[in-house]
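In: Mind looking at a prediction? Sequence and model below.
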Amino acid sequence: MRRALGQWDQTVKNLRIGVDVGGTKIEALALDAAGREVFRRRITTPRGDYAATIRAIELLVREAGEGTVGVGIPGSISSKTGLVKNANSTWLIGKPLKRDLEAALETEIRIENDANCFALSEATDGAGKGAAVVFGVILGTGVGGGVVVQGRVLAGANRVAGEWGHNPLPAPAAADLPLPDCYCGRRGCIETYLSGPGLSRDYERRTGERKTAEEIVSLGDPAVQSYIERLARALAGVINVLDPDVIVLGGGMSNVARLYTEVPRLWTRHVFSDHVATRLAPPVHGDSSGVRGAAWLWEGRE
Ligand SMILES: [Zn+2]
């Protein structure tokens with residue numbers, strides 16, 4: 001155990017503690033047995049400093065109280081090496097983050113990809129509550145995804161289940177060419193079209209002007225229509241493989257209300273079915289879903 005419990009601890013033990021490790025901030029939250037939030041704190045990420053990152057997480061968890069600890073990270077822990085891979089917070093890559101945190105906290109923890117935590121949060125008590133299969137999508141600075149089946153994260157044999165952002169955009173048309181280069185080394189990745197920066201790039205290519213995704217959306221520019229059409233194509237590919245009950249969108253682009261009516265209208269022509277029952281839903285917990293999902297990582301798994 002991490003530390004001895006005193007009498008006063010009776011109300012703060014048995015918490016579900018979640019930590020969301022982001023590139024700019026680290027957030028911790030604690031839920032009580034009823035799922036109510038009883039603690040939340042956000043600090044600035046000690047960027048580039050691994051030891052300070054470990055220390056910061058340790059202090060946040062100790063402040064949150066006593067309970068199970070789940071941690072959401074960019075990237076994932078390699079099942080081959082036990083080291084962090086695929087993280088855009090690059091100072092975590094190649095580090096034994098789980099082992100070091102467990103040593104610091106003197107307790108076993110669970111670590112999951114942040115998009116998986118988002119999907120788990122929305123599947124547990126958010127937009128996908130009660131659904132058997134939920135696909136959670138992050139449309140933000142990057143594009144990620146996570147799969148939750150019967151309330152559990154489907155991590156996958158390679159720990160990349162749901163990592164749909166680095167699949168190629170299906171059926172590229174003339175307007176999708178030339179295929180944009182992706183930082184991952186591939187070309188035409190879904191992320192290069194459907195991230196916020198992807199929308200900005202598409203707009204700049206046509207107009208020669210630089211604008212943020214938010215500005216482009218508020219202009220109602222035709223680039224948004226292209227974005228919607230590409231999202232429909234890309235999600236149809238997910239439906240054909242996974243056939244989820246609900247797809248929940250997260251990240252900055254999930255605030256665009258048009259997506260929820262127009263994308264399902266367009267995806268039917270790409271889905272191999274006479275009708276599409278899959279719901280496309282906005283998130284209930286929004287930006288909080290990463291840290292909430294981390295807190296739920298010990299739920300329903302033994
Ligand atoms: Zn890529």
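Out: In hand now; what should we look at?
In: Which of the three states applies to residue 218?
Out: helix (DSSP: H, G, I helix; E, B strand; the rest coil).
In: and it, how many residues sit next to it?
Out: Neighbours of residue 218 under the rule other CB atoms under 10 Å: 12. C-beta coordinates here come from the backbone N, C-alpha and C atoms, glycine included.
In: ok, now residue 286?
Out: 17.
In: which residues touch it?
Out: Residue 286 makes contacts with 250, 254, as judged by CB atoms under 8 Å, 6 or more residues apart in numbering.
In: For it, grab phi and psi.
Out: Main-chain dihedrals, residue 286, degrees, to the nearest 10: phi 50, psi -130.
In: do you know how far it is from residue 219?
Out: The spacing between residue 286 and residue 219, counted by CB to CB, to the nearest Å, is 24 Å.
In: Kindly report the same for residue 82.
Out: Distance of residue 82 to residue 219, computed by CB to CB: 47 Å.
In: How about residue 249?
Out: Distance, residue 249 to residue 219, using CB to CB: 21 Å.
In: The two - which one has more neighbours?
Out: Neighbours around residue 249 and residue 219, counted as other CB under 10 Å, are more numerous at residue 249. The numbers are 25 against 12.
In: can you tell me the helix or strand for the more buried one?
Out: Assigned by DSSP states H and E, residue 249 belongs to strand 246-250.
In: One more: residue 148?
Out: In the assignment (DSSP H and E), residue 148 maps to strand 143-149.
In: neighbouring contacts of that strand?
Out: With contacts defined as CB under 8 Å, 6+ apart, strand 143-149 is touched by 113-120, 123, 128, 132-138, 153-154, 156, 161-165, 190-191, 194-195, 198, 238, 242, 244, 251.
In: Those residues of the stretch 51-200 of the chain touching the ion, which are they?
Out: Within the stretch 51-200 of the chain, the positions lying close to the ion (CB under 5 Å from the ion) are 166, 182, 184, 186, 189.
In: And the helices in this protein?
Out: 50-64, 97-105, 114-125, 190-194, 196-207, 213-219, 222-242, 258-267, 289-295 (DSSP state H).
In: contacting residues for residue 100?
Out: residue 54.
In: Apologies, that question was intended for residue 61.
Out: 17, 19, 28, 69, 105.
In: now do residue 94
Out: So residue 94 contacts 83-85 (CB under 8 Å, 6+ apart).
In: switch the cut-off to 10 Å
Out: Neighbour list for residue 94: 50, 78, 81, 83-85, 87 [criterion: CB atoms under 10 Å, 6 or more residues apart in numbering].
In: show me where pLDDT drops low in the stretch 151-300 of the chain?
Out: By pLDDT under 70, the weakly predicted segments of the stretch 151-300 of the chain are 300.
In: Just the terminal-to-terminal distance for stretch 176-190.
Out: Stretch 176-190 has an end-to-end distance of 11 Å (criterion: CA to CA, to the nearest Å).
In: ok, residue 189 touching residue 176?
Out: No - here residue 189 lies out of contact with residue 176, judged by CB atoms under 10 Å, at a distance of 11.7 Å.
In: Who has more neighbours out of the two?
Out: residue 189 (25 against 19).
In: Residue 110 and the ion, how far apart?
Out: Distance, residue 110 to the ion, using CB to the ion, to the nearest Å: 27 Å.
In: What sits closest to residue 228 if chain neighbours are left out?
Out: residue 262 (4.9 Å; CB to CB, 6 or more residues apart in numbering).
In: And residue 297, by the same measure?
Out: Closest residue to residue 297 apart from its sequence neighbours, by CB to CB, 6+ apart: residue 70 at 3.1 Å.
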